[in-house]
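S.K.: 3D model of this:
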Amino acid sequence: MEYHFREEDMSLEVAESYIEQGLNALPDEAIDQLCEKMCAWKDEILTDTYPNLGRAEGLLEAQGRSIIPFISISDIHIYRNPYDPQDPQFGAVLSAGMEWDYEDGIEIMIKGQEVLEVREFLGYGEHSIWDEDDYRE
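M.R.: Okay, here's the model as predicted:
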């Protein structure tokens, strides 16, 4: 797995600290939320987009944390708030592959330790985490 960040936004130590103390220490509620969103994504893809997809054993039935073995995180992009550089909270976009949609992949958006969204890969970076409208005066 690789992680990426802009050196002008943070140091290597800060980026690694967020991974260690933020992402690697997600609370149970966040992990459950992520698994719930992943399962909803899986169920929609297998039902609507790829109904005849050759499925790994147990994939169709996987719910909750049983989805985890079917997901592989490949990249982590760490961001600061682009609208408020003083915001101490970091965000991350995790790129993942899944056994049911190995072609396109997905993005998992996390702000701090809150899972915001799981969706197809769109590549919006920090703009998928922070909403500019929240910072307009």
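S.K.: isn't Ser74 right next to Gly97, touching?
M.R.: Yes. Using CB atoms under 8 Å, Ser74 is in contact with Gly97, at 6.1 Å. Yep, even glycine has a C-beta here, placed from its N, CA and C like the rest.
S.K.: what touches both of these two?
M.R.: Counting by CB atoms under 8 Å, 6 or more residues apart in numbering, the shared contacts of Ser74 and Gly97 are Gly105.
S.K.: More neighbours: which of these two?
M.R.: Just comparing Ser74 and Gly97: by other CB atoms under 10 Å the higher neighbour count belongs to Gly97, 16 against 11.
S.K.: Identify the bridge partners of the more buried one.
M.R.: For Gly97, the beta-bridge partners are Ser72 (DSSP bridges).
S.K.: quick one: it and Glu107 touch, right?
M.R.: No. Gly97 is not in contact with Glu107 according to CB under 8 Å; the separation is 11.5 Å.
S.K.: List the contacts of Phe90.
M.R.: Met10, Tyr18, Gly22, Ile78, Tyr79, Arg80, Gly112.
S.K.: Between those, which sits nearest Ile68?
M.R.: Distance to Ile68, by CB to CB, is smallest for Gly22 among these, at 18.6 Å.
S.K.: how about low-confidence regions in the protein?
M.R.: 49-56, 100-104, 137 (pLDDT under 70).
S.K.: which helix of it spans the most residues?
M.R.: helix 28-44 (DSSP state H).
S.K.: Spell out for me which residue occupies the centre of the chain.
M.R.: By CA atoms, centre = their mean, the chain has its centre lying nearest to Ile108, at 1.8 Å.
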